[in-house]
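J.: this is the structure alone, sequence omitted:
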């Protein structure tokens, strides 16, 4: 597998730097006959687009998606789908004064050590701009999953100390924070204002769920559904932690509390988050992730330059105070890629054995 | 990639059910010339072996490893290494009374739905017994990593509410809990006694670290070092969460606090856990995982049988009250597999560009 | 992918040297429910076993296969199938006098350069003994293919200048040469006697066919059915060439002659060998391969030792004058692995779209 | 692996139909620091471009390559290289009268069966136009190989009955047939005229060679250098056979003739074509392939339509009488991809063990 390819059977390969001429992806292994067009993909892209509201970076990126192959007369053909977004706003001058400086907490230090050179135009491949292609590919996966009765949804459930206490999923896409608790919107707004004033940033917690999964998805012992989901989510920029179901809370639970009991009417709880032994139970698949506060802040910090000399850094570019906000659409996309891939893998090995149990409602 | 293979260049493929004749593995892609013998592997296997002490299951498994190929005159040859452990204690009669019953919180329900049949002999492939082969393969990886100056270590840092407050790594392997805080050993002992009396189980938190890594390991954008590590750790039985560095704590951190500042003498902190942008920084690589309390407990629970009828289940077999204890060696092994795989990948693409920076101590 | 794994979805990973303790394989991705037992595998193994008749090497290898996992109550479970053959006749003393000498035409020279050391026990991993595991895995694939109405057959169609002019498939397995033209058996017998007297060896041409394939197998543009088959067959020891359908004869054909015309009653010819554009047509899939004469002969030859010094070599071990004879079962196995893998891949992407056209008989 | 990706470590993924808006590729796993620009790629593309001379199709395709990422300031960066060619001449009206008809010998029949629909615009993904991206990726591989002292070259050595008897490599690129025997150019010219007059086509034999390889490339037992090369070459449109070294001629050879003897001054012959046991010997790597005569001819043929009804077909589009001519550059590209991939694989497993033997000149 190559580093820029995700998935086994539904495979997404991406390219493109933040300040190069274009981003692109090839989606291979997509079944034929799925209704897909540019508008469908664009809708998902717009959810992660910067400049949508005052809480995120003010860079304008049109992110206009083009489908270059693999779709004919409005349906996928089964051949690889080529996707392209041309970069229209590539102001690289913003970065010129940090050309030789490693920003603390930023990937420029590690990229320079890995590849032996420096792309100083603003993150290059390490920029979150790369995730646009994940969202585009995820939109195709979601179109197929929808036909199978499977839906994906996500929300930001915590920003800094502000944690959602209500889960009103219906309103999530109506507020700029993708937050499920409308009573906290003012507090979130206040926090962002404070951060902008301070030139600082903050972490966030995102929750993603898949509903309508059949039991039986996941390929033990290594390609478990939860293991592949953990990789998918951890591969998103700034993610530092992944919970499945109750996640870290299980450390303090007893077995008698944690196990999800079953009755002829179904499971009585979902501490497991929809996965047992790495295989879906048919309950909702639930994961949460932590996104670190971005290191691109205006507060001066100690660092070194590429000669190893001591210096101070201040990041002046246009950056999000909370990158978690835009991560909701990305996390949904990655979950969609994982679920679709496992649907195809299950179909390959077990034919259409993917059935719900009549005895378990 | 197949479901039972882990790694891209250093690849481990395993087979074997808990109550079948044998477990085995093939380790492919191992460089030639590494000193490896059965004793070296056996030492790691003994660390996860059940029956070592009174806190873990009383099943006796000799777990005697045999090397069947790939090692000649005490060194690896570069050809695939065949590994075998014959199962000597396969008492499957213990399981006969739950033959038709799905145990809540257990993989028997999902395996039955995935494969369309039931292996009622005691977990089959979903048993933690499978992890013996991960530990064996991990021992080979650790032998190679040691030659590169890289070491891996692990500890149980929390069991139920009992959390390590000191980190005395030297004593970790001297106590039956692999716990780094000797002042908590009595409390842990008491908790296990209570659980045995109650017939219940408890969760745990494990920490693993790799020291001596070069900067530059990891293959963005999908095969990041932390993403591959998250998958590796989440693929271990009972794991429900993964933290890298500060993990979920980053949600409440500000950027000015989280970023690890640099000086000519090195990093001033390691909130990142040794990874930036999915690539190693050269600092210690740090991860923590949560293991759920095992569902094999003596307390009766509601469930259904394979006809979907309501019934009650009590697990009578010999099981660990805390599966986290034995997971320390497994987590170390998985981290070793990931790090070695990424060392080889870096070498493939960048030759011997893997260097430490003279300017950063 | 690792070097010792074949297949994408039906995956076979092998280990074992000719003179080590055992050979083994893990077959992963096998659908559950296929009737498989040791006897079924043993039957195929016996077809390539040396010592079966006076034309092949007199080494005795019992090649007794053991199934260690993945089969329960006579059927595959969907979990990995562990296979093992213990080596019982490992006479390595035969090879001691060529310990330091590179045999011309033999892999000992290239293995030494690749891995930096020498396994002088008789070929090690480069020995054709490795192919036993391919045949074992192929037997499992053939069991599944049989259930789908697909059968594989092979024959030696040429040895030296003696070429089959009749194709009586029914008698192929009744003669020691797997030859379809009974009128040539005496000539073949005479050639082998001459070769034994001379201490020399001869090449062979093998034909393999799959019947009953649906149209639609193959994954352009790279994983075409014929491309994957070419790799599979070329990976067999001593194979130097692969024809699909008319093969090299197409160089001198005109398009009006080569193209297989169609009528409502089906194709009028099969110059294509059952593949168009890398995808099966539904006609028989036909390939032929060339096996070189083995380099292990008694006639002295010029060579060098591992110090680069000039010397002479004579191979004294027990070797086949024509390795092609035993390759029939191996070629069938490899074709079975390829066809099964592509059946699963087609099912993954296109569900049960694999249908025969009602309009084309 | 996905169907449209080639290679393990140096990986090329392609998309694009002949009559869609664009073709593209992503080259992943390319080491950083290689001098690459659009002109370098364009030179190789121009060698396979149709419309270059009167012997090939008169479709004009500018095939202007754009590099969209992965190259910065004239050198590869180590991140994925995005490549794009916009289709400028997409005359699909030529194909309208065969919209419902399956052309004998053409992939439209098998594509329709595989994917369940018909792209009637002129081959879609099955068109040789797809190979432009192979040539583009191969040009990057050749740039890296050149730095390692490895060169690739190819020639058409036979067209119909006209076979090269001299090998004057220097003049190969100076004639429109890439033919190494200048004395045959008139005969070739005459044959093409005859074919055009007849509306027929002819097969061809192409030879490709790699010079300067180290000994030790190839990953037995499945990913042998010759096996991967066979797959690479057989995956080219219209290829029906592959020879390595003496190829099918080995069937009639004796071991005493075939084996390449060695002296302190090097090998005395190269019947093996540079590969023993699937691993390079350090001699030139030599392969030959057969390309079938294209099925797109003006001579009427029997066929069926998509209703299974009998009909007649005549292909009127602009097509090459001998597709083999343009295949030279494609075959070179595929060999370059294979050799580079195996160089990286050898480096991963064996570090810089890739050395030439001082004792063998």
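T.: Yes, it's here. All values derive from a computational prediction rather than experimental measurement.

J.: do a quick rundown of the helices in the stretch 201-350 of chain A.
T.: Under the criterion DSSP state H, counting those that start in this stretch, the stretch 201-350 of chain A contains helices at A:225-234, A:255-258, A:324-350.

J.: tell me the most buried of those helices?
T.: Mean neighbour count (mean count of other CB atoms under 10 Å in any protein chain shown) peaks for helix A:225-234 among these, with a mean of 29. (C-beta placed from N, C-alpha, C; glycine too.)

J.: can you tell me what sits against that one?
T.: Defining contact as CB atoms under 8 Å, 6 or more residues apart in numbering or on different chains, one finds that helix A:225-234 is touched by A:6, A:208, A:217-219, A:239, A:242, A:244, A:273, A:275, A:278-280, A:285, A:287, A:289, A:331, A:334-335, A:337-338, A:341-342, B:222, B:224, B:226-235, B:240, B:242, B:244.

J.: that one to helix B:225-234, inter-axis angle?
T.: 160 degrees (axes from the mean of the first three to the mean of the last three CA atoms, to 10 degrees).

J.: give the rounded mean pLDDT of stretch A:289-300.
T.: Stretch A:289-300 carries an average pLDDT of 93.

J.: quick one: contacts for whichever residue of chain A sits closest to chain C?
T.: Using CB to the nearest CB, the closest approach of chain A to chain C is made by residue A:348 at 3.5 Å. Residues near residue A:348 by CB under 8 Å, 6+ apart: A:9, C:9, C:29, C:344-345, C:347-348.

J.: need the residues of chain A near chain C, please.
T.: A:9, A:29-32, A:78-79, A:220, A:344-345, A:347-352 (CB under 8 Å from any CB of the partner chain).

J.: and for residue A:336, nearest residue in space, chain neighbours not counted?
T.: If you skip the residues right next to it in sequence, residue A:336 has residue A:141 as its closest partner in space, 4.0 Å away by CB to CB, 6 or more residues apart in numbering or on different chains.

J.: what score does that neighbour have for pLDDT?
T.: 98.

J.: first-to-last residue distance for stretch A:278-289?
T.: With CA to CA, to the nearest Å as the measure, the first residue of stretch A:278-289 is 18 Å from its last.

J.: what about it and chain B, touching?
T.: Yes. Applying CB under 8 Å from any CB, one finds stretch A:278-289 in contact with chain B at A:278-282.

J.: for the residues you listed, which one is nearest residue C:153?
T.: Among those, residue A:279 lies closest to residue C:153 (CB to CB), at 38.7 Å.

J.: beta partners for that closest one?
T.: residue A:276 (DSSP bridges).

J.: correct me, but it touches residue A:214?
T.: No. Using CB atoms under 8 Å as the test, residue A:279 is too far from residue A:214 to be in contact (10.4 Å).

J.: want to throw the contacts of residue A:348 into CSV with distance to residue C:129?
T.: What follows is the contacts of residue A:348, written out as CSV (distance: CB to CB, whole Å):
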residue, distance to residue C:129
A:9, 34
C:9, 27
C:29, 25
C:344, 28
C:345, 30
C:347, 34
C:348, 34
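
J.: sorry, back to before: which pair in the residues of chain A next to chain C spans the largest distance?
T.: Across the residues of chain A next to chain C (CB to CB), the longest gap, 31.8 Å, separates A:79 and A:220.

J.: neighbour count: these two, which is higher?
T.: More neighbours surround residue A:79 than the other of residue A:79 and residue A:220, with 29 against 25 (other CB atoms under 10 Å in any protein chain shown).

J.: skipping adjacent residues, who's closest to whichever residue of the stretch 1-150 of chain A sits closest to chain B in space?
T.: Proximity of the stretch 1-150 of chain A to chain B (CB to the nearest CB) peaks at residue A:107, 2.4 Å away. Using CB to CB, 6+ apart and skipping residues adjacent in sequence, the residue nearest residue A:107 is residue B:277, 2.4 Å away.

J.: what's the answer for residue A:130, then?
T.: Nearest to residue A:130 is residue B:221, by CB to CB, 6+ apart, at 5.4 Å.

J.: tell me the contacts of that neighbour?
T.: Per CB under 8 Å, 6+ apart, neighbours of residue B:221: A:3-4, A:14, A:125, A:130, A:235, B:278.

J.: where does the stretch 1-150 of chain A have low pLDDT?
T.: A:1, A:50-62, A:89-97, A:120-122 (pLDDT under 70).

J.: sorry, back to before: now the helices of the stretch 201-350 of chain A as JSON lines including mean pLDDT?
T.: Below are these laid out as JSON lines (pLDDT from 0 to 100):
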{"stretch": "helix A:225-234", "mean pLDDT": "98"}
{"stretch": "helix A:255-258", "mean pLDDT": "96"}
{"stretch": "helix A:324-350", "mean pLDDT": "95"}
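
J.: strands of the stretch 1-150 of chain A, start to end?
T.: Counting by DSSP state E, counting those that start in this stretch, the stretch 1-150 of chain A has strands at residues A:5-6, A:11-15, A:22-28, A:65-67, A:71-72, A:75-76, A:81-86.

J.: for residue A:153, give me phi and psi.
T.: phi -150, psi 160 (degrees, to the nearest 10).

J.: from residue B:239, how far out is the closest residue to it other than its chain neighbours?
T.: Spatially, and ignoring its direct neighbours in sequence, residue A:153 is nearest to residue A:209 (5.5 Å; CB to CB, 6+ apart). The spacing between residue A:209 and residue B:239, counted by CB to CB, to the nearest Å, is 20 Å.

J.: neighbour count winner among these two?
T.: Set residue A:209 next to residue B:239 and count neighbours by other CB under 10 Å: residue B:239 wins out with 29 against 19.

J.: surely the more buried one and residue B:291 touch.
T.: Yes. Residue B:239 lies in contact with residue B:291 (CB under 8 Å); the separation is 5.7 Å.

J.: joint contacts of those two?
T.: With CB under 8 Å, 6+ apart, residue B:239 and residue B:291 have common neighbours residue B:327.
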